[in-house]
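[1] My questions are about this predicted structure, shown below with the sequence.
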Amino acid sequence: MNLENVSIENAKIIADKGMECFDVNTISLKNVYFEVKENQLMTIINGKNMVLDEVTLGDGSGSDVSISGPFTENIVFQTSGIEEGKITISKSVKEGAVSFK
């Protein structure tokens, strides 16, 4: 069973390890501040319909994002504090499945 329809808004998340999203659908992170001790901020495998809008990072926070899985689609980074160069997209992800606005 997939995790679906999760929305996190106006939140501050402080953690040792980053977020792991496996087989998720319709996830929205809006105005979320992350402070993660490890380099890996987020791992997304087969994520669908995800929007990361106004995501910001604390000083020294991990910022690496890994996206993989052949079923990954419609991942959107909007006004994100995550640098595009810190996002690794696997060859298994279909072209156009991840966008930056």
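    Happy to help now that I have it.

[2] name the helices or strands packed onto the helix or strand of the chain with the lowest mean pLDDT?
    Lowest by mean pLDDT, DSSP states H and E among the helices and strands of the chain is strand 56-57, with a mean of 88. When contacts are defined as 3 or more C-beta pairs under 8 Å, 6 or more residues apart in numbering; DSSP states H and E, strand 56-57 sits against strand 24-36. Every C-beta, even on glycine, is put in place using the N, C-alpha and C of the backbone.

[3] any residues touching the strand it packs on, and which ones?
    2-19, 21, 41, 44, 46-58, 61-62 (C-beta atoms under 8 Å, 6 or more residues apart in numbering).

[4] which among those residues end up buried?
    18-19, 21, 41, 44, 46-48, 50-53, 55, 57, 61-62 (16 or more other C-beta atoms under 10 Å).

[5] Out of these, which is nearest to Thr88?
    Ile44 (10.4 Å; C-beta to C-beta).

[6] element containing the residue nearest to the spatial centre of the chain, please.
    By C-alpha atoms, centre = their mean, the chain has its centre lying nearest to Met42, at 5.4 Å. Per DSSP states H and E: Met42 is located in strand 40-45.

[7] Indicate each strand paired with that strand and its parallel or antiparallel sense.
    Here strand 40-45 is paired, per DSSP bridges, with strand 19-22 (parallel), strand 64-68 (parallel).

[8] That strand: what's the following helix or strand?
    Counting by DSSP H and E, what follows strand 40-45 is strand 48-53.

[9] Taking their axis directions, that following strand and strand 24-36 sit at what angle?
    Interaxial angle, strand 48-53 versus strand 24-36 (axes from the mean of the first three to the mean of the last three C-alpha atoms, to 10 degrees): 40 degrees.
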